[in-house]
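S.K.: Got a predicted structure here, sequence first:
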Amino acid sequence: METRLDAIKAAPEVYRAMLALESAVESSGLERCLLNLVKLRASQINGCAYCIDMHSQDLRAEGEPEQRLYLLEAWREAPFYSDRERAALAWTEAVTLITEGHVPDDVYEKARKDFQDDELVKLTLAIVAINGWNRFGIAFRAVPGHYRPLHRHETAVT
């Protein structure tokens, strides 16, 4: 696969706007692990190879167990996710797949139990942002395999 075009070079002002959106997500106060699970799950749904590669690496760099990454697509059947994460993942799927039910009431009610109003708005922004990034990655065929996390938390070998 080859990249169709370099969107950053073609329209740097658009890239800066996406970075501003991402900056708002990152400074939202929501847990980094939760945000990366949401980003990975939305990217899986959308089939964005570049973003799947990126966010799985980010989760690993944060020390996330491999088992949780491998089972993310089957989170409903796996016992490795908290109630808050489950609510976020259900919300992510509903918002990402908006044409398949327009975010059902039961998904909303579950999210309201685990997230305060402002957190739910911030979570929704994170989902909007990753869906936007996915569309850029897919449309212009961003090639996976070159991303490296900026903030690795590796343990020293003694």
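M.R.: Yep, it's here. Numbering: from 1, shown residues only.
S.K.: Which helix or strand contains residue 145?
M.R.: Using DSSP states H and E, residue 145 falls within no helix or strand.
S.K.: Use 30 as the first number for this chain going forward.
M.R.: Okay, residue one is now 30; in that scheme the one you just asked about reads as residue 174.
S.K.: OK, contacts around the closest residue to it other than its chain neighbours?
M.R.: The spatial neighbour of residue 174 that comes closest, neighbours along the chain excluded (CB to CB, 6 or more residues apart in numbering), is residue 82 at 6.5 Å. Any C-beta I mention is one placed from the backbone N, CA and C, and that applies to glycine too. By CB atoms under 8 Å, 6 or more residues apart in numbering, the contact list for residue 82 reads 173, 174, 176.
S.K.: buried subset of the residues you listed?
M.R.: 173, 176 (16 or more other CB atoms under 10 Å).
S.K.: and which of the contacts of residue 82 is nearest to residue 58?
M.R.: residue 176 (24.9 Å; CB to CB).
S.K.: who's in contact with the nearest residue to the closest one once chain neighbours are set aside?
M.R.: Excluding its sequence neighbours, the residue lying closest to residue 176 (CB to CB, 6+ apart) is residue 83, at 4.6 Å. Contacts for residue 83 (CB under 8 Å, 6+ apart) come out as 72, 173, 176.
S.K.: Next secondary structure after whichever helix or strand residue 83 is part of?
M.R.: Under the criterion of DSSP H and E, residue 83 resides in helix 78-90. Per DSSP H and E, the first helix or strand lying C-terminal to helix 78-90 is helix 95-99.
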